[in-house]
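Chemist: fold the stuff below for me.
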Amino acid sequence: MIFRQLFDSTSSTYTYLLADEEALEALLIDPVFAQVQRDLALIDELGLRLRLVIDTHAHADHVTAAWVLRRETGCDIASARAIDASNVTLPLDDGQICGVEGVQLRCIATPGHTDGCMSFVTADESRVFTGDTLLIRGCGRSDFQQGSASRLYASITERLFSLPDSCRVYPAHDYQGRNVSSIGEEKHFNARVGAGANETDFVEYMNAMKLPHPKLIDEAVPANLRSGAPEDGELPNRPDWGDIRLTYSGVPEIDEEWLELHLDSVTVLDVRLPDEVRDCPLAQTLVDVHIPLAELRDRLNDVPTGKPVVALCRSGRRSSLAVSILRDAGYEQVASLSRGLRAMLQDG
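Modeler: Numbering: from 1, shown residues only. Model (predicted):
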């Protein structure tokens, strides 16, 4: 079996590609809207045909790529029937078998993080894709989307922990750089439900967490209940001059790795305040033009037109607005540095 674990650093989401080496039919689990071009490029390079996209649940931290992948490839969209998401072509029930030629998955209803969570285990029970139900040394929260700590405890201990100890666990997220665990490991070492924790231990732990409201829930959940389809049913055209990722709101972004390799072929526009520029020597080596965001509309003539423009700021928020201003003014080849200079400095 062809197997790839892909990662979206913005949402810390894992996307999984599975395909049969002979049939060359592929499925994706938990694809991310912003990574559509990456996923399609990999599928093309491996000579595969995408037949199925599966969402483990209605995510609250990113928008699924299911709808746009169906539009691009004609693949089916699958998720739990309990979610009742629109645009789904294959609603799934507990115990159902789904997949593509050569790759079969058994659906396991594992509610608790949300009401519609589902895990997927391979036919030989060597791998299980647990969504947010079971994470590496943790689990998903249970305080929104009909979540229930008691149901989550039952889903983990009665459904997932009944799989062989050797079964490898592949979650939808990890925030510490870990990429795989096993059922046996989580039984012994999971910080919330392992080492013999009973339901009272678990429920009291979960209820005491008091986590902040997910930042993107108001945008992501309604979109994911449409399988990722925008409200108007249309996507903006994707630019092709660089390794562009479109946010769900249509802002083209580019990452720091691409920028560092292509500095000579773009104009770098810094839209921070003058004091910020002086305090950041790194930016001075990257930037071609400095125009504070508040002045940009009045100084558009100061932005060169001969090369694509990459706008940057501290976090990527101001530069996204700069991109919108430039596009409204007729600049077609323009993008925002996705995580800003702060991420570049953190990454060294």
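Chemist: sheet partners, orientation included, of the helix or strand containing residue 106?
Modeler: In the assignment (DSSP states H and E), residue 106 maps to strand 103-109. With DSSP bridges as the test, strand 103-109 is paired with strand 97-100 (antiparallel), strand 118-122 (antiparallel).
Chemist: what residue of the chain is the furthest out?
Modeler: What lies farthest from the middle of the chain is residue 301; by C-alpha atoms, centre = their mean that is 37.0 Å.
Chemist: following element in sequence after the lengthiest helix in the chain, please.
Modeler: Longest helix in the chain, counting residues (DSSP state H): helix 317-328. Per DSSP H and E, the first helix or strand lying C-terminal to helix 317-328 is strand 334-337.
Chemist: and that next one, average pLDDT?
Modeler: Average pLDDT, strand 334-337: 96.
Chemist: which helices and strands does the helix or strand of the chain with the lowest mean pLDDT pack with?
Modeler: Using mean pLDDT, DSSP states H and E, the weakest-scoring helix or strand in the chain turns out to be helix 281-286, at a mean of 76. When contacts are defined as 3 or more C-beta pairs under 8 Å, 6 or more residues apart in numbering; DSSP states H and E, helix 281-286 packs onto strand 267-270, helix 340-346. (Glycine included, C-beta is placed from N, CA and C.)
Chemist: please enumerate the strands of the stretch 151-300 of the chain.
Modeler: Along the stretch 151-300 of the chain, counting by DSSP state E, counting those that start in this stretch, strands occupy 168-171, 181-182, 245-246, 252-254, 267-270, 289-290.
Chemist: and for the stretch 1-150 of the chain?
Modeler: Using DSSP E, counting those that start in this stretch, strands in the stretch 1-150 of the chain cover 2-8, 13-19, 25-29, 49-54, 76-80, 90-92, 97-100, 103-109, 118-122, 127-131.
Chemist: quick check: closest non-adjacent residue to residue 343.
Modeler: Excluding its sequence neighbours, the residue lying closest to residue 343 (C-beta to C-beta, 6 or more residues apart in numbering) is residue 256, at 6.6 Å.
Chemist: thinking again about what came up before, and the strands of the stretch 1-150 of the chain: which comes nearest residue 162?
Modeler: Smallest distance to residue 162 across these (C-beta to C-beta): 9.4 Å, for strand 103-109.
Chemist: let me see the mean pLDDT of stretch 251-266.
Modeler: So the average pLDDT for stretch 251-266 ends up being 91.
Chemist: how about stretch 150-162?
Modeler: Mean predicted confidence for stretch 150-162 is 98.
Chemist: and for stretch 287-304?
Modeler: 96.
Chemist: try stretch 188-204
Modeler: Here stretch 188-204 scores 96 as its mean pLDDT.
Chemist: swap in stretch 17-30?
Modeler: For stretch 17-30, the per-residue pLDDT averages 98.
Chemist: pull out the buried residues from it.
Modeler: Buried residues in stretch 17-30, defined by neighbour count with 16 or more other C-beta atoms under 10 Å: 17, 18, 19, 20, 24, 25, 26, 27, 28, 29, 30.
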